[in-house]
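Participant: Below: sequence and its predicted model.
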Amino acid sequence: SLISVDERGQMVLPKEIRDKANIRAGDKLAVISWEKNGEVCCISLIKVEALTEMVKDMLGPLMEEVLQK
């Protein structure tokens, strides 16, 4: 899918993508960008709930280890 950015910097995610990703009005999305050679080459959107779970999964075992010491 191709999307356009308007003069205010806004863009619309196509309905098909919103439906597949279960993105609804009011959902919070984290914007993550990757740089290559000093320029942003890739932008990703991650639902905040999914990002929170990823962080918990990564930090949970580490925090348990720290608390046991």
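Facilitator: Cool, the structure landed. Residues are numbered from 1 along each chain as shown.
Participant: hang on, isn't Ser33 packed against Ile46?
Facilitator: No: in this structure, Ser33 is not within contact of Ile46 by Cβ atoms under 8 Å, at 11.7 Å. From N, CA and C alone the C-beta is placed, and that goes for glycine too.
Participant: In the helix or strand Gly60 falls within, which residues are buried?
Facilitator: For Gly60, the host element (DSSP states H and E) is helix 48-68. Buried residues in helix 48-68, counting neighbours by 16 or more other Cβ atoms under 10 Å, are absent.
Participant: And stretch 40-59, end to end?
Facilitator: From the first residue to the last, stretch 40-59 extends over 27 Å; the measure is Cα to Cα, to the nearest Å.
Participant: and the spatially most central residue of the chain, what is it in contact with?
Facilitator: Centroid-nearest residue in the chain: Ile46, 2.0 Å away (criterion: Cα atoms, centre = their mean). By Cβ atoms under 8 Å, 6 or more residues apart in numbering, the contact list for Ile46 reads Leu29, Ala30, Ile32, Met54.
Participant: Low-confidence regions, the protein specifically.
Facilitator: Scanning the chain for pLDDT under 70 picks out 69.
Participant: Try it again at 80.
Facilitator: 1, 58, 60-69 (pLDDT under 80).
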